[in-house]
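Enquirer: Curious how this folds, go ahead:
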Amino acid sequence: MSTILNVAVVGCGIGRSHIVEGYLPNADKFKVIALCDLDADRLKTIGDEFGVERCITNFDDLLAMDDVDIIDVCTPPGVHYSMVNKALEAGKHVVCEKPLVGSLQQVDEVIEAEKRARGKLMPVFQYRFGNGIEQAKAIIESGIAGKAYAGTVETMWRREAPYYAVPWRGKWKTELGGVLMGHAIHPHDIFTYLMGDIARVFGRVATRVNPIEVEDTISASLEMKSGALASLTATLGSVDEITRIRLQFENVTIESDHAPYNPGHALWKILPRTDAIKEQIDALLADWTDVPPRFQTQMARFYEAVQGQRPLPVTSADSRRSLELVTAFYHSSTTHQEVVLPLGSDHPLYQSWVPAAFR
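Expert: Residues are numbered from 1 along each chain as shown. Sure thing, here's the model as predicted:
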């Protein structure tokens, strides 16, 4: 008989998606018993919708609840650091939306806190999960794909004035960045998940689309540690919306489904170079087990990790790699120089990439 873990969701915006896609489909594993939000009307609406009676506005009250096993942080990015640390100190397991925190220094401090904590910490990168990306990962990890040659990532989304009417969006202090932090961070994570670590970055950021503090258009040239080359481009000014990841290997070309917010779900385009390679791929995927997309699989695997049955599906180290790319982007764009990774405590933006005027 499995043990059901009790969850408190903090922030009822994206937090609602965590409930609908993550916890309800895994009702044999999780039960949402508490909600926390500063918006009392939204709190009541979500509480009524899901039958959650314990609805509070003070985050610290959750920490004292002995029956809460997991605190799921779905707040604006600017408060992630304090909430994650407090929850770990209280002995809770923690799920935290992206970005995990707001600097490399903060993520290193969280990693150290995690080592001392009783609970486990899982950052959210729900786009990693689904049949398409899982099959691509299996082909690459099996060695069938061969040497990596090149890759491209296009995050072409659309955000206009109504999106930025939410007070914390588009501002350095509360969002901690723009398209790099809130949007392209997902496809970029998928890219490194499949292609490995980045060695060098030359990036540009610009505010081209909206009258906001942070960037909404970016582009970069990368050299991977494997020697492969890649380019990343994103904008929030696209007319239509797509997320496209195309990877070229020695033996296969892999291209994602173009669905902007669920690229891992549908099967990806897999083009083998020869019939012999196709036969190897067919054999590898012959007994494929369906992988539900997004939060459903990420939360299910988190449960298994908490039970000691598997490693965490996403780790704080994954978040550090993601934030390292963000830091390199901002530094390269400001200095007009290539940035060599990894970045340590001696990097000029280690403590913060947020411009001094906005801290």
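
Enquirer: Quick check: closest non-adjacent residue to residue 329.
Expert: Counting by CB to CB, 6 or more residues apart in numbering, residue 203 is the residue found nearest to residue 329 once chain neighbours are left out, at 4.0 Å. Using the backbone N, CA and C atoms, a C-beta is placed for each residue, glycine as well.

Enquirer: what residues are up against that neighbour?
Expert: 218, 219, 220, 221, 232, 328, 329, 330, 332, 333, 339 (CB atoms under 8 Å, 6 or more residues apart in numbering).

Enquirer: Make sure the third one is indeed in a strand.
Expert: So that's residue 220. Yes. Judged by DSSP: H, G, I helix; E, B strand; the rest coil, residue 220 forms part of a strand.

Enquirer: From what I see, it and residue 330 are in contact.
Expert: No. Assessed by CB atoms under 8 Å, residue 220 is found out of contact with residue 330, at 11.1 Å.

Enquirer: ok, the two, which is more surrounded?
Expert: residue 220 (25 against 21; other CB atoms under 10 Å).

Enquirer: looking at the sheet around that one, what are its partners?
Expert: residue 203, residue 232 (DSSP bridges).

Enquirer: Report pLDDT for it.
Expert: Residue 220 carries a pLDDT value of 98.

Enquirer: Then the one 10 residues further on?
Expert: Residue 230 is assigned a pLDDT of 98 by the prediction.

Enquirer: what helix or strand is it on?
Expert: strand 229-235 (DSSP states H and E).

Enquirer: What's the first helix or strand after that strand?
Expert: strand 237-249.

Enquirer: Listing partners with orientation, what would you give for that next one?
Expert: Assessed with DSSP bridges, strand 237-249 is paired to strand 148-158 (antiparallel), strand 252-255 (antiparallel).

Enquirer: Dump those to JSON lines, plus mean pLDDT, distance to residue 316 and mean neighbour count.
Expert: Listed next are the strands paired with strand 237-249 as JSON lines, based on pLDDT from 0 to 100; distance: least, CB to CB, whole Å; neighbours: other CB atoms under 10 Å:
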{"stretch": "strand 148-158", "mean pLDDT": "98", "distance to residue 316": "23", "mean neighbour count": "19"}
{"stretch": "strand 252-255", "mean pLDDT": "98", "distance to residue 316": "27", "mean neighbour count": "19"}
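
Enquirer: can you tell which of those strands is closest to residue 185?
Expert: strand 148-158 (9.0 Å; CB to CB).

Enquirer: what's the spacing between the closest one and its chain's center?
Expert: 16 Å (CA atoms, centre = their mean, to the nearest Å).

Enquirer: Next, the angle strand 229-235 makes with it.
Expert: 0 degrees (axes from the mean of the first three to the mean of the last three CA atoms, to 10 degrees).

Enquirer: Please save the CA atoms from strand 148-158 in CSV.
Expert: Extracted as CSV, the C-alpha positions of strand 148-158 are listed here (Å, rounded to 0.1, in the frame of the first residue of the first chain):
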residue,chain,number,x,y,z
ALA,A,148,26.4,15.5,-32.0
TYR,A,149,27.0,18.0,-34.9
ALA,A,150,24.7,21.0,-34.3
GLY,A,151,21.4,22.2,-32.9
THR,A,152,18.9,25.0,-33.0
VAL,A,153,16.2,26.2,-30.5
GLU,A,154,13.5,28.6,-31.5
THR,A,155,11.1,29.9,-28.8
MET,A,156,8.7,32.1,-30.8
TRP,A,157,5.9,33.1,-28.5
ARG,A,158,3.5,36.1,-28.1
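
Enquirer: got the CA coordinates for stretch 30-39 in CSV?
Expert: Taking C-alpha atoms only, stretch 30-39 is exported to CSV below (Å, rounded to 0.1, in the frame of the first residue of the first chain):
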residue,chain,number,x,y,z
PHE,A,30,-0.7,13.0,-3.4
LYS,A,31,-3.5,15.0,-1.7
VAL,A,32,-3.6,18.8,-1.8
ILE,A,33,-4.6,19.7,1.8
ALA,A,34,-3.7,23.4,1.9
LEU,A,35,-3.5,26.5,-0.4
CYS,A,36,-1.7,29.8,0.2
ASP,A,37,-2.1,33.0,-1.8
LEU,A,38,-2.1,36.7,-1.1
ASP,A,39,-5.2,37.1,-3.3
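
Enquirer: Which positions within it qualify as buried?
Expert: For stretch 30-39, a neighbour-count test (16 or more other CB atoms under 10 Å) marks 30, 31, 32, 33, 34, 35, 36, 37 as buried.

Enquirer: how far out from the middle of the chain is it?
Expert: In terms of CA atoms, centre = their mean, the centre of stretch 30-39 is found 21 Å from the chain centre.

Enquirer: With stretch 170-180 instead?
Expert: 15 Å.

Enquirer: Start and end of it, how far apart?
Expert: 12 Å (CA to CA, to the nearest Å).

Enquirer: Would you state the helices of the stretch 151-300 of the chain in chain order?
Expert: Under the criterion DSSP state H, counting those that start in this stretch, helices of the stretch 151-300 of the chain are mapped to 161-164, 172-175, 179-182, 185-195, 275-284, 295-306.

Enquirer: nope, the stretch 1-150 of the chain is what I was after
Expert: So, for the stretch 1-150 of the chain - with DSSP H, counting those that start in this stretch - the helices run 14-17, 40-50, 59-63, 80-89, 104-116, 131-142.

Enquirer: I'd like these as JSON lines, with mean neighbour count appended.
Expert: Listed next are the helices of the stretch 1-150 of the chain as JSON lines, based on neighbours: other CB atoms under 10 Å:
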{"stretch": "helix 14-17", "mean neighbour count": "18"}
{"stretch": "helix 40-50", "mean neighbour count": "15"}
{"stretch": "helix 59-63", "mean neighbour count": "17"}
{"stretch": "helix 80-89", "mean neighbour count": "21"}
{"stretch": "helix 104-116", "mean neighbour count": "17"}
{"stretch": "helix 131-142", "mean neighbour count": "20"}
